[in-house]
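Chemist: Give the three-dimensional model of this entry:
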Amino acid sequence: MTDASLALDPYAARPWLASYPPSVAPDIDPAEPRTLVEVFRRSVAAHSDKIALESFGATLTFAQFDGAARAIAAFLQSQGLKKGDRVAIMSPNVMAYPPIIFGVLLAGGAVVNVNPLYTPSELSFQINDSGARIVFVLENFAHTVEAAWPDMSIDLAVVVTPGDLLGLKGKLVDFVSRYVKCAVRPYQLPTSMRFRDIMKQGSARSARDVEIAPDDLAFLQYTGGTTGVAKGAMLLHRNVAANVAQATAWLHPFLLEASGRERPQKMVAALPLYHIFGLTACLLVLVRIGGSCLLIANPRDIAGFVKTLRKSRFSMISGVNTLYAALADHPQFAQVDFSRLVFCIAGGMATQDVVARKWRAITGRPIIEGYGLSETSPVVACNRPDLEEFSGSIGYPHPSTAVSIRAPSGEPVPIGERGELCVKGPQVMPGYWNRPAETEAAFTPDGFFRTGDVAIMLPDGQVKLVDRLKEMILVSGFNVYPNEVENVLVQHPKVKEAAVIGVPDPHSGEAPLAFIVPRDASVTGQELHDFCRKTLTHYKAPKHFEFRDSLPKSNVGKVLRRVLRDEVQARAE
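Modeler: Numbers count the residues shown, from 1 in each chain. I've put the predicted structure just below:
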């Protein structure tokens with residue numbers, strides 16, 4: 001793009017700033033910490049006696065959190081960990097996870113978050129690609145590490161249990177996990193240590209202070225698993241610290257009492273910390289504001305999740321559409337105490353209107369949608385926290401963030417027209433790990449990150465997503481966006497979940513195929529087609545339907561259309 005065309009960019013003046021709350025500045029404070037180590041140290045100093053973490057009814061204060069992280073850092077340094085070395089963590093949200101993260105960062109290392117549901121081949125790829133030499137793994141998944149071991153260049157596995165750092169209660173938690181729920185399969189690891197043993201060793205040492213710079217690597221966050229081969233997004237300390245500052249600036253004015261005092265904040269961390277949304281929204285922002293993180297180890301156990309919520313007065317919760325839907329569907333969810341709830345944030349996938357309405361009716365609070373990607377640390381935009389009703393948009397770009405909606409030619413489109421959402425800001429990664437070609441393709445010539453999402457900007461600066469570029473269905477030359485069709489299907493009273501993909505069609509090129517998880521087994525394809533035709537033009541209404549018990553989902557509950565497309569293609573072949 002030329003300088004002349006940049007001057008004509010309708011987004012250059014940041015039209016969304018006029019819609020900002022009066023208390024939110026257009027840019028983040030340059031005095032904000034620029035490394036996560038500095039963020040952590042400031043919070044520990046300011047909030048040492050406050051509860052920072054809660055798991056299975058046990059708690060850790062910020063001072064205890066710091067002590068555990070320092071012991072882990074000291075152990076890692078005793079193993080020869082050098083600045084910039086990568087350490088993998090393969091675990092759901094147990095108490096040890098946050099101290100391991102900050103232990104790695106305090107030691108000068110970089111964290112490689114690993115989905116514990118990975119297969120051995122997926123695990124070995126990520127370990128080898130990242131160059132991680134140490135892996136912390138919850139013992140429930142140690143058998144996967146064992147299976148992958150021959151194919152990995154790994155020096156040490158540290159085996160964590162759900163009860164680690166829970167004190168005496170941890171023994172009961174581990175007993176239930178191993179012998180009541182039988183959640184631990186037998187395993188043998190060639191070179192391994194127990195987490196409790198490394199804590200003893202680390203506690204007897206002092207961690208050396210490492211000078212961490214803003215441009216040092218903090219996380220290798222792997223992405224692309226839903227659309228292709230996973231790539232490691234290089235998130236520097238300054239990227240993630242900036243995003244924490246952006247989110248805090250956006251939220252903080254709304255978390256104060258009328259007197260100006262800060263309310264005690266407790267975030268329900270059901271999203272996994274190995275996912276960038278859960279990592280930043282549920283943990284790092286709470287560390288920054290001195291809040292408490294209620295760790296949910298198994299959010300798929302909705303009955304157990306609701307039971308935990310009934311015992312806790314929380315102020316914030318984050319989730320994705322499928323999680324909010326499952327909670328709202330549970331018969332005992334309405335008995336949860338929502339009196340302190342001020343903020344419910346959603347991301348990861350489009351929130352459906354029917355889910356948002358049901359959630360609002362039960363909790364009294366709207367779902368506030370935001371938007372982000374692994375490559376942007378992750379938050380790009382968010383609705384105003386004082387929103388009273390679900391908006392259906394992803395809100396306004398965060399402070400210090402520029403967005404531009406581009407045509408395939410790279411030129412900005414007029415406000416109100418569809419195009420690819422492109423982003424620039426301090427939270428945007430510098431590139432993919434060891435993938436220069438993919439890095440170059442991911443950015444426009446003028447330095448905007450190409451998200452691959454189709455969006456429009458409304459006149460007031462709100463951004464509304466339409467769909468993924470690669471998931472758009474082309475029917476006789478007309479664009480059909482799966483989100484739009486799915487949002488209609490789930491409004492049918494007999495439909496619980498829906499996913500729509502494009503399949504080859506001899507007459508129209510492609511046609512929509514809808515996968516349906518029914519609430520009522522009597523529902524038929526013709527019934528759903530007729531229902532769609534009431535609100536959708538003829539070429540958008542699916543003619544093909546498949547009914548099944550469940551839909552494939554990612555680790556945060558996002559429906560994986562790619563898996564459905566692969567199934568259909570395999571059948572065709």
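
Chemist: tell me the residue furthest from the middle of this protein?
Modeler: residue 507 (39.5 Å; C-alpha atoms, centre = their mean).

Chemist: Just the element for that residue, please.
Modeler: Under the criterion DSSP states H and E, no helix or strand holds residue 507.

Chemist: now swap in the one 5 residues further on and tell me
Modeler: Here residue 512 is covered by strand 509-518, with elements defined by DSSP H and E.

Chemist: Pull out the buried positions in that strand.
Modeler: Of all the residues in strand 509-518, those buried under the rule 16 or more other C-beta atoms under 10 Å are 510, 511, 512, 513, 514, 515, 516, 517, 518. C-beta coordinates here come from the backbone N, C-alpha and C atoms, glycine included.

Chemist: Same question for stretch 30-50.
Modeler: So, applying 16+ other C-beta under 10 Å, buried residues of stretch 30-50: 32, 33, 34, 35, 36, 37, 39, 40, 43, 44, 47, 50.

Chemist: What is the end-to-end distance of it?
Modeler: Taking C-alpha to C-alpha, to the nearest Å, stretch 30-50 runs 27 Å from one end to the other.

Chemist: Over to stretch 480-496?
Modeler: 22 Å.

Chemist: same question, stretch 161-180
Modeler: Span of stretch 161-180 from end to end, C-alpha to C-alpha: 15 Å.

Chemist: Surely residue 252 is in a strand?
Modeler: No - the assignment for residue 252, made by DSSP: H, G, I helix; E, B strand; the rest coil, is helix rather than a strand.

Chemist: Now do the residue nearest to it when sequence neighbours are not counted against residue 121, distance only.
Modeler: Excluding the flanking residues, the one nearest residue 252 by C-beta to C-beta, 6 or more residues apart in numbering is residue 289, at 6.9 Å. Distance of residue 289 to residue 121, computed by C-beta to C-beta, to the nearest Å: 40 Å.

Chemist: list the buried ones in whichever helix in the chain runs longest?
Modeler: Using DSSP state H, we find that the single longest helix of the chain is helix 62-78. By 16+ other C-beta under 10 Å, the buried positions in helix 62-78 come out as 62, 64-77.

Chemist: tell me how far the helix or strand containing residue 322 is from the chain's mean position?
Modeler: Here residue 322, judged by DSSP H and E, is contained in helix 321-329. Remark: helix 321-329 is offset 16 Å from the chain centroid, using C-alpha atoms, centre = their mean, to the nearest Å.

Chemist: With only the CA atoms kept, save it in PDB.
Modeler: Output of helix 321-329 as PDB, limited to C-alpha atoms (Å, rounded to 0.1, in the frame of the first residue of the first chain):
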ATOM      1  CA  ASN A 321     -20.500 -20.200  23.600                       C
ATOM      2  CA  THR A 322     -20.600 -24.000  24.200                       C
ATOM      3  CA  LEU A 323     -19.600 -23.600  27.800                       C
ATOM      4  CA  TYR A 324     -22.100 -20.900  28.500                       C
ATOM      5  CA  ALA A 325     -24.800 -22.900  26.800                       C
ATOM      6  CA  ALA A 326     -24.000 -26.100  28.900                       C
ATOM      7  CA  LEU A 327     -24.000 -24.100  32.100                       C
ATOM      8  CA  ALA A 328     -27.300 -22.400  31.300                       C
ATOM      9  CA  ASP A 329     -28.900 -25.700  30.400                       C
END
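
Chemist: And that helix, what's buried?
Modeler: Neighbour-count burial for helix 321-329 [16+ other C-beta under 10 Å]: 321, 322, 323, 324, 325, 326, 327, 328.

Chemist: Repeat that for stretch 146-160.
Modeler: Under the neighbour-count criterion of 16+ other C-beta under 10 Å, stretch 146-160 has 146, 148, 149, 152, 154, 156, 157, 158, 159, 160 buried.

Chemist: which residues sit against it?
Modeler: The contact list for stretch 146-160 (C-beta atoms under 8 Å, 6 or more residues apart in numbering) reads 79, 91, 94, 96, 100, 120-121, 123-124, 127-128, 131-139, 142, 145, 187-195, 198.

Chemist: Just the ones in helices from these, please.
Modeler: Per DSSP H, those map to helices at 100, 120, 121, 123, 124, 127, 128, 142, 145, 195, 198.

Chemist: closest to residue 568 among those residues?
Modeler: residue 121 (23.2 Å; C-beta to C-beta).

Chemist: residue boundaries of the helices in the stretch 251-400 of the chain?
Modeler: For the stretch 251-400 of the chain, the helices defined by DSSP state H, counting those that start in this stretch cover 276-277, 285-289, 302-310, 321-329, 353-363.

Chemist: orientation of the last one relative to helix 321-329 in degrees?
Modeler: Counting by axes from the mean of the first three to the mean of the last three C-alpha atoms, to 10 degrees, helix 353-363 points 40 degrees away from the direction of helix 321-329.

Chemist: What are the buried residues along helix 353-363?
Modeler: Buried residues in helix 353-363 (16+ other C-beta under 10 Å): 354, 355, 356, 357, 358, 359, 360, 363.

Chemist: Skipping its backbone neighbours, what lies nearest the third one in space?
Modeler: Across the structure, with C-beta to C-beta, 6+ apart as the measure, the residue nearest residue 356 apart from its sequence neighbours is residue 390 (3.6 Å).

Chemist: so that neighbour touches residue 360, yeah?
Modeler: Yes - the pair residue 390 and residue 360 passes the contact test of C-beta atoms under 8 Å, sitting 6.7 Å apart.

Chemist: how does this protein divide into domains?
Modeler: When the chain is parsed with automatic domain parsing, its domains come out as 62-223, 472-572.

Chemist: for the stretch 351-500 of the chain, what are the low-confidence residue spans?
Modeler: Across the stretch 351-500 of the chain, the ranges flagged by pLDDT under 70 are 476-479.

Chemist: can you pull out the strands in it?
Modeler: In the stretch 351-500 of the chain, the strands defined using DSSP state E, counting those that start in this stretch lie at 367-372, 379-382, 396-397, 402-406, 419-424, 449-457, 463-468, 473-475, 478-480, 495-505.

Chemist: Just say which of those is most tucked in.
Modeler: strand 396-397 (a mean of 28; mean count of other C-beta atoms under 10 Å).

Chemist: Which elements pack onto that one?
Modeler: In terms of contacts (3 or more C-beta pairs under 8 Å, 6 or more residues apart in numbering; DSSP states H and E), strand 396-397 is packed against strand 379-382.

Chemist: Phi and psi next, for the residue nearest to residue 356.
Modeler: phi -60, psi 130 (degrees, to the nearest 10).

Chemist: Run through the residues that contact it.
Modeler: 351, 353, 356, 357, 360, 366, 367, 369.

Chemist: so which pair among these is furthest apart in space?
Modeler: Between any two of the contacts of residue 390, the greatest separation by C-beta to C-beta is 13.7 Å, found for 357 and 369.

Chemist: tell me, what residue is most central in the protein?
Modeler: residue 277 (2.4 Å).

Chemist: what sits against that one?
Modeler: 271, 318, 347, 348, 372, 378, 556.

Chemist: quick one, which of residue 289 and residue 121 is more surrounded?
Modeler: Applying other C-beta atoms under 10 Å to residue 289 and residue 121 shows that residue 289 carries more neighbours, namely 17 against 11.

Chemist: Where does pLDDT dip in this structure?
Modeler: Looking at the chain by pLDDT under 70, you get 1-8, 224-229, 257-260, 476-479.
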